[in-house]
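Undergrad: Any chance you can model this:
(one chain, ligands or ions: 1)
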Amino acid sequence: MKKIAIFASGTGTNAQKIIDYFRSRKDATISLIVSNKSTAGVLLIASQENIPSLLINKEKFLTGNAYVDELKSIGIDLIVLAGFLWKIPASLIHNYPDKIVNIHPALLPGHGGKGMYGHFVHDAVIASGDSETGITIHLVDELYDHGRTIFQARVPVVAGDNAASVAKKVQVLEHEHYPRVIDSLLQKQLSASHA
Ligand code: GRF
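TA: This next block holds a predicted model:
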């Protein structure tokens, strides 16, 4: 049974889709929801779904053990970032090599990096005059939005689009693809562990 932890700072619509996708699975489960914000909507989802949650402290996360002991004691195999706004510390990355995945609401390497989240991303896409945008699902390394890209999906940016309309189109792609890409990562882990 592969155990997934979802890290999120916000509403948690991606977390909900991931929970729904894995709901009836016997080989994988969402074992923990981690947030840095006590008011995050994702914590409400955790309680509605009876999934244990962990509200993390900045000091401990960024300069302490990064909650590695807690994650290991639960047996977490994969960490899924779904709108988590803190940078992942090196100690967590070293303990979960190629096992932390993130989704960015643009086509990296464009419109990524520190401070590029939520509407800031879509504002930048509109301001750039790009004719398309989309999502990038990537492994997490020690730089913001920089690890190996696993998957990208694209959507046109058309005349009349604004940050809000682009955000909506991108969110459709996020919900459509993130759960399945996470699943394919897990299948790779499963087959690697049986190799
Ligand atoms: C999404 O735009 C995702 O691409 C980004 O953070 C946002 C999370 O949205 N990483 P939600 O909280 O899952 O609705």
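
Undergrad: Tell me the confidence at whichever residue of the chain sits closest to the ligand?
TA: Across the chain, the shortest distance to the ligand (Cβ to the nearest ligand atom) belongs to residue 83, at 2.6 Å. Placement of C-beta: from N, CA and C, glycine included. For residue 83, the model assigns a pLDDT of 97.

Undergrad: Doesn't it lie inside a strand?
TA: No: per DSSP: H, G, I helix; E, B strand; the rest coil, residue 83 lies outside any strand segment and is coil.

Undergrad: Skipping its backbone neighbours, what lies nearest it in space?
TA: Residue nearest to residue 83 in three dimensions, not counting chain neighbours: residue 10, with 4.5 Å by Cβ to Cβ, 6 or more residues apart in numbering.

Undergrad: about what we covered before: wait, isn't the residue of the chain closest to the ligand in contact with residue 12?
TA: Yes: counting by Cβ atoms under 8 Å, residue 12 is a contact partner of residue 83 at 7.4 Å.

Undergrad: any residues in contact with both of the two?
TA: residue 42 (Cβ atoms under 8 Å, 6 or more residues apart in numbering).

Undergrad: residues contacting residue 29?
TA: Residue 29 sits next to 1-4, 22 when contact means Cβ under 8 Å, 6+ apart.

Undergrad: Flag every residue of this protein that's near the ligand.
TA: The chain comes close to the ligand at residues 8, 10-15, 82-83, 103-105, 174, as judged by Cβ under 6 Å from any ligand atom.
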